Structure formats: structure tokens, C-alpha cells
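Enquirer: can't give you the sequence, but here's the structure:
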Ligand SMILES: [Fe+2]
Ligand SMILES: [Fe+2]
């Protein structure tokens, strides 16, 4: 696959991630036990919708790939399952704890890419990253407020699914001439620091 095609698949993966985040945040706002959480999650869902629109615009600029990369499949399925089961804490671990950190790491890399769409990507990175960091903090606050109980297995499941997704993304980064090692370092550091901040490390 040539570098241009890989790049457009990366942007497609980002767009699909933002669409998934919008759906999940909206679902979470219906499950959240406190009014402040419901409001904050509705606001997050609106922001994710704008991110998806922004990513779709970049996707059009770089030329959409012929088919969507299937990188979000198992992680997305698990998020939808936890939402359907009404498991708010698990969905927060999956979205704000794992998927959002993958998105951040991907945005960091894409925003540095010397592509004709680079200026727009830089804009996307600057504006969106600040909001994504707010979303991961919101996830930590929600977990602290509800008290999560023993979530060891859920955390292990989501981290496994997140790493599987990150592996698929890193494969696309490699041939799009974006440093996959830097992506991995960023994913690892972000997951560890969020777990520490959310009090999820033993
Ligand atoms: Fe987003
Ligand atoms: Fe987000």
C-alpha cells in the first residue's frame, strides 16, 4: 500500500474513532448517575461530533481510502456491549481510559506529518487535543465519584483491545512515514499516567 493511501486510512481511522466516541459519550450521558456527569458527557458527545466532522473534512482533502480500516472493530464492539449492558464504569474505562488515549497519540503523530493537509491537521491537533485531555480528566472524575470496585479484569480487557487497535494503527503509521515507536511510547505513557491519576494502580 503506498504512503498516501496509508495516510488516508489513518485519517479514516481517526474519523471512525471520533464517531465511536460521540456515540459512546451520548450513551454514557444516559447512564450516568449524577446530573453534572450527564451534562459533561452530553457536552463531550457534541465535541466528538465536531471532531468527527473535522476529521471527515481532512479525509476529503487527502482523498478517502477505498474502504474504512477495520482497526476499531473489537474495541468498538466491547464498548457497545458494555453500554447496552448499562455498565457505566466499564464504558468509562474503555472510552475515556483507553480509546481517547489512542486518539491523542494518533493526533500527536498526524499533526506532525509533512502533508499538504498539514496546516489543517495542525489546527485539528491543537484544538482537538485540548478537548480530548478534558475528556480523559472527566473520565477520571466520574470513576472517582462513583467508586469503581474491582475492575481489574475490565481494565485488562480494554488494555488488551486498546493494544490490538494500536498495533493496527502502528502498521499504518510505519508506511505513512510516521514514527510508530513514538506512537507506542505515547500510548504507553498516557495509559500509565491516566491509571495513576484515576487511582487504578494497585
Ligand atoms: Fe474526539
Ligand atoms: Fe474525546
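Expert: Yep, that arrived. Quantities reported herein were computed from a predicted structural model and do not represent experimental measurements. Residues are numbered from 1 along each chain as shown. Ligands and ions are numbered 1, 2, ... in the order given.
Enquirer: now the closest residue to ligand 1 within the chain: how far from residue 38?
Expert: Residue nearest to ligand 1 within the chain: residue 51 (3.6 Å; CB to the ion). Glycine gets a C-beta too; all of them are placed from N, C-alpha and C. Separation of residue 51 from residue 38 (CB to CB, to the nearest Å): 20 Å.
Enquirer: Ok, residue 74 next?
Expert: 28 Å.
Enquirer: just residue 196 next, same as before
Expert: Distance of residue 196 to residue 38, given as CB to CB: 27 Å.
Enquirer: Show the contacting residues for residue 88.
Expert: Taking CB atoms under 8 Å, 6 or more residues apart in numbering, we find residue 88 in contact with 28, 31-33, 142, 146.
Enquirer: Which one (most neighbours) among these?
Expert: Among those, the one with the most neighbours (other CB atoms under 10 Å) is residue 28, at 27 neighbours.
Enquirer: quick one: pLDDT of that one?
Expert: Residue 28 carries a pLDDT value of 97.
Enquirer: same deal with residue 202?
Expert: 48.
Enquirer: what do you get for residue 119?
Expert: Per-residue pLDDT puts residue 119 at 69.
Enquirer: now swap in residue 113 and tell me
Expert: For residue 113, pLDDT reads 63.
Enquirer: Contact partners for the closest residue to residue 148 other than its chain neighbours?
Expert: Spatially, and ignoring its direct neighbours in sequence, residue 148 is nearest to residue 89 (4.8 Å; CB to CB, 6 or more residues apart in numbering). Contact analysis of residue 89 by CB under 8 Å, 6+ apart lists 143, 146, 148-149, 151, 154.
Enquirer: So for stretch 43-63, mean pLDDT?
Expert: Averaging pLDDT along stretch 43-63 gives 89.
Enquirer: again but with stretch 181-192, I slipped
Expert: Stretch 181-192 comes out at a mean pLDDT of 76.
Enquirer: ok, is it in contact with ligand 2 or not?
Expert: No: when contact is scored as CB under 5 Å from the ion, no part of stretch 181-192 falls within range of ligand 2; the minimum is 12.7 Å.
Enquirer: just how off-centre is that stretch within its chain?
Expert: On the basis of CA atoms, centre = their mean, to the nearest Å, stretch 181-192 sits 13 Å off its chain's mean C-alpha point.
Enquirer: Below-threshold pLDDT in this protein: ranges please.
Expert: Scanning the chain for pLDDT under 70 picks out the ranges 1-4, 64-71, 111-120, 174-178, 200-202.
Enquirer: Residue 51 and residue 38: who's more crowded?
Expert: When neighbours are counted by other CB under 10 Å, residue 51 and residue 38 differ, and residue 51 comes out ahead with 24 against 15.
Enquirer: correct me, but that one touches residue 18?
Expert: Yes: taking CB atoms under 8 Å as the definition, residue 51 is a contact partner of residue 18 at 4.2 Å.
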